[in-house]
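>>> Following is a predicted model, sequence given first.
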Amino acid sequence: MPAIAFPRNEPAPDDGGDLALRWSGRVSLTRRILAVNIIALLLLAGGFFYLDSYRSRTVDNSVEQATREARLIAEALAAAPRPLHLALLSRLARDTGARIRVLGPDGMALDSRALGVDNFQLQDPDREGIDQRVARLLDGGIDTIVGASRPPLYRERSDPSDWPEVRTARTGHVAATVWRAPDRTPVITAASPMPGGAIVLTAVNARTITRIVRTERLRLSVVLLVVTIISVLLSLFLARTIVRPLRRLARAAVRVRLGRAREVVVPRLPSRRDELGMLARALSDMSLALRARIDATEAFAADVTHEMKNPLASLRSAVDGLGRISDPDLQRQLLAIVQDDVHRLDRLITDISDASRLDAQLSRAKFEPVDIGAMIAGLLAQREARGVERGVRFHFDRAPDTLLLTIGEGARLERVFENLLDNALSFSPDDAQVAIIATADADEMVVQVEDEGPGVPEEAREAIFRRFQSIRPQGEAFGRHSGLGLAIARTIVEGHGGSIAVEPREGGAGGARFVVRLPTADPAP
């Protein structure tokens, strides 16, 4: 499947940027999952270094043991009568598992091998199996990685003075040396002085140390191999369950970005109850909301075009008539039509501009505590000061101790109730009453605006909140309202977490009742 290139909008890191962030921006999620798990396995592989440390400590202990044995053998031989030296030497060689040689001042005096105790034999690596060859190769690799010192190769010497520990023993000190056998097993030689200038030289092939280390290393290798296979499989499974859904979501997001929102079905992953499922459903809901917003924008543009054509057609007809008519009375009538259409266009453009910017302005608005009761009381006071037409009366009914406090933008909420009051006034008959009733509880406030007009038919109670939908009273001049007032009011109320609806008045009384519900806010301490 071809790769999809995604835009990168991240700022370029500075010279001191985090290396991990730059690395994660270039490496795929699958490789990062594998890398993290492999790093954990490398920590497990540190057991090989522990085995090397264990081998070094064991060899050091064997050197100390060989030194003590050489000194004890020298003391035993020195204390025993000379006729018993051969029997004692043979027994000590069998008990210690070492080749024991006694070097006199002039050369070799006694050798346990010559006495029939052949317990010191070096293995020929060419005659060993493939498993030992692999083990030796692994030993060399581990020694190279950990930087372990490589002992010198063990070789027999014809001249006893060639042994470095023998030269040290002739100075009166016990010494030991670690050598390397052809099969990479350690050989430990130790020398101790005896009275009369003789030297006791012991040699032991500590093959047991190598065998134990190789056995444990083999077990650790098997465990590491099994764990590696399981870890890789789990990593691939984890990458499959994470990366593949993310790729599907990313491709869907790219198609939405390319302007194909209507064609894209963002997978919701209903079987996933984890964070990826939440992300998938959030992206799906976002794409549906975007699709609805695009459809609403197109519908709004179509409605605007339709609403603009009516006054423009009337204006064009009146202007064309002015050029052909010379009667002053008819010209005055046409000029009145032109002025009315111009005012209508100006009002329509203003309302359209407010409606189109309303969502963006609400998203940027700073919400503060607003006293709805004081706001409505102020609006009614302003109207009474200006004078209310046709003798219509306003009555505000609320409990004197009720605090109608909400969180929002005061200017927008004021427009909601201004539009509702205008709507109620335009539908009210002469000398009627408009009642505003406000109640509140711990969670919600309810503001009702009731008029005594003809009411709203049941089938139109939802349609009147749509843009450019208006049911005007009989006798009202055409074009005085754009049909956006209630739509703007609903947008503002819903932007504040509330709702608005129209209902019939109680008791079968005529008229309409608009109900606004807003969340209440706790008063500031």
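All right, it came through fine.

>>> Next secondary structure after whichever strand or helix holds Ser353?
According to DSSP states H and E, Ser353 maps onto helix 328-364. Proceeding N to C from helix 328-364, the next assigned helix or strand is strand 368-371, under DSSP H and E.

>>> Give me the sheet partners of that following strand and which way each runs.
Using DSSP bridges, the strands paired with strand 368-371 are strand 405-408 (antiparallel).

>>> And the contacts of the strand it pairs with?
With CB atoms under 8 Å, 6 or more residues apart in numbering as the test, strand 405-408 has contacts from 367-372, 413, 445, 496, 518-523. Glycine gets a C-beta too; all of them are placed from N, C-alpha and C.

>>> Could you give me the buried positions within that strand?
Across strand 405-408, burial judged by 16 or more other CB atoms under 10 Å covers Leu405, Thr406, Gly408.

>>> Just name the closest of these to Arg272, please.
Using CB to CB, Gly408 is the member of the buried residues of strand 405-408 that lies nearest Arg272, at 37.1 Å.

>>> Who is that closest one paired with across the strands?
With DSSP bridges applied, Gly408 shows beta-bridge pairing to Glu368.

>>> Next one: it from Ala250, what distance?
Note on Gly408: its distance to Ala250, by CB to CB, to the nearest Å, is 37 Å.

>>> where's the helix holding Ser353 relative to the chain centroid, distance-wise?
In terms of CA atoms, centre = their mean, to the nearest Å, the centre of helix 328-364 is set 50 Å apart from its chain centre.

>>> circling back: out of the contacts of strand 405-408, which one sits closest to Arg332?
Top of the list for closeness to Arg332, among the contacts of strand 405-408 and by CB to CB, is Leu413 at 43.4 Å.

>>> give me every residue that touches the closest one.
Taking CB under 8 Å, 6+ apart as the test, what Leu413 contacts is Val370, Ile372, Met375, Thr406, Ile492, His496, Leu518.

>>> Counting neighbours, what do you get for Ile39?
For Ile39, the neighbour count with other CB atoms under 10 Å is 9.

>>> Averaged pLDDT, the host helix or strand of it. What do you get?
Using DSSP H and E, the element containing Ile39 is helix 29-45. For helix 29-45, mean pLDDT rounds to 70.

>>> buried ones in the helix or strand following that helix?
Sequence-wise, the next helix or strand downstream of helix 29-45 (DSSP H and E) is helix 47-79. Under the neighbour-count criterion of 16+ other CB under 10 Å, helix 47-79 has 47-48, 51-52, 55, 58-59, 62-63, 65-67, 69-71, 73-74, 76-77 buried.

>>> so what secondary structure elements neighbour helix 47-79?
Packing partners of helix 47-79 (3 or more CB pairs under 8 Å, 6 or more residues apart in numbering; DSSP states H and E): helix 85-96, helix 130-146, strand 175-180, strand 186-193, strand 199-205, helix 207-257.

>>> quick one, what contacts Ala442?
Counting by CB under 8 Å, 6+ apart, Ala442 touches Thr520.

>>> before we move on, back to that, possible to save the helices and strands packed on helix 47-79 as a markdown table with mean neighbour count?
Shown next, in a markdown table, are these (neighbours: other CB atoms under 10 Å):
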| stretch | mean neighbour count |
| --- | --- |
| helix 85-96 | 16 |
| helix 130-146 | 14 |
| strand 175-180 | 18 |
| strand 186-193 | 25 |
| strand 199-205 | 25 |
| helix 207-257 | 15 |
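
>>> Dump the ones you listed into TSV; add distance to Phe427 and mean pLDDT as well.
TSV is the format used below for the helices and strands packed on helix 47-79 (distance: least, CB to CB, whole Å; pLDDT from 0 to 100):
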stretch	distance to Phe427	mean pLDDT
helix 85-96	118	91
helix 130-146	91	75
strand 175-180	108	92
strand 186-193	107	94
strand 199-205	113	93
helix 207-257	44	79
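
>>> Now tabulate these in TSV and tack on distance to Val449.
As requested, the helices and strands packed on helix 47-79 are exported to TSV (distance: least, CB to CB, whole Å):
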stretch	distance to Val449
helix 85-96	110
helix 130-146	84
strand 175-180	101
strand 186-193	100
strand 199-205	106
helix 207-257	41
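
>>> for those, which one sits closest to Val342?
helix 207-257 (41.9 Å).

>>> In terms of secondary structure, what does the next helix or strand after the closest one contact?
The helix or strand immediately downstream of helix 207-257 is helix 275-324, counting by DSSP H and E. Counting contacts by 3+ CB pairs under 8 Å, 6+ apart, helix 275-324 packs against helix 207-257, helix 328-364.

>>> Compute the inter-axis angle for the longest one and strand 186-193.
For helix 207-257 against strand 186-193, the angle between stretch directions is 140 degrees (axes from the mean of the first three to the mean of the last three CA atoms, to 10 degrees).

>>> for helix 207-257, packing partners?
If you count contacts as 3+ CB pairs under 8 Å, 6+ apart, helix 207-257 packs onto helix 29-45, helix 47-79, helix 130-146, helix 275-324.

>>> Among the ones you listed, which comes closest to Gly172?
Using CB to CB, these put helix 47-79 closest to Gly172, at 11.7 Å.

>>> Next, the angle helix 207-257 makes with that closest one.
170 degrees.

>>> what's the offset of helix 47-79 from the middle of its chain?
Between the centre of helix 47-79 and the centre of its chain there are 56 Å (CA atoms, centre = their mean).

>>> so that helix versus helix 130-146, what angle?
Using the same axes, to 10 degrees, helix 47-79 lies at 100 degrees relative to helix 130-146.

>>> between helix 47-79 and strand 199-205, how many degrees?
150 degrees.

>>> if we can go back for a sec, what angle do the helix holding Ser353 and helix 275-324 make?
If you take the same axes, to 10 degrees, helix 328-364 sits at 170 degrees to helix 275-324.

>>> Would you mind listing the buried residues in helix 328-364?
334, 337-338, 340-341, 344-345, 347-348, 351-352, 355, 358, 362.

>>> Mind picking the one among those that's closest to Ser235?
For the buried residues of helix 328-364, the residue nearest Ser235 by CB to CB is Leu362; the value is 46.4 Å.

>>> ok, the closest one - contacts?
Listed by CB under 8 Å, 6+ apart, the contact set of Leu362 reads Glu409, Arg412, Thr491, Ile492, Gly495.

>>> quick one: pLDDT of the last one?
In other words, Gly495. At Gly495, pLDDT is 87.

>>> Grab the nearest non-local neighbour of it.
Spatial nearest neighbour of Gly495, chain neighbours left out: Leu362 (4.0 Å); criterion: CB to CB, 6 or more residues apart in numbering.

>>> distance of that neighbour from Ser353?
Distance of Leu362 to Ser353, given as CB to CB: 15 Å.

>>> Could you do His85 as well?
On the measure of CB to CB, His85 and Ser353 end up 120 Å apart.

>>> swap in Ala198?
116 Å.

>>> same deal with Leu518?
Distance of Leu518 to Ser353, given as CB to CB: 26 Å.

>>> same question, Leu404
Taking CB to CB, one finds Leu404 at 30 Å from Ser353.
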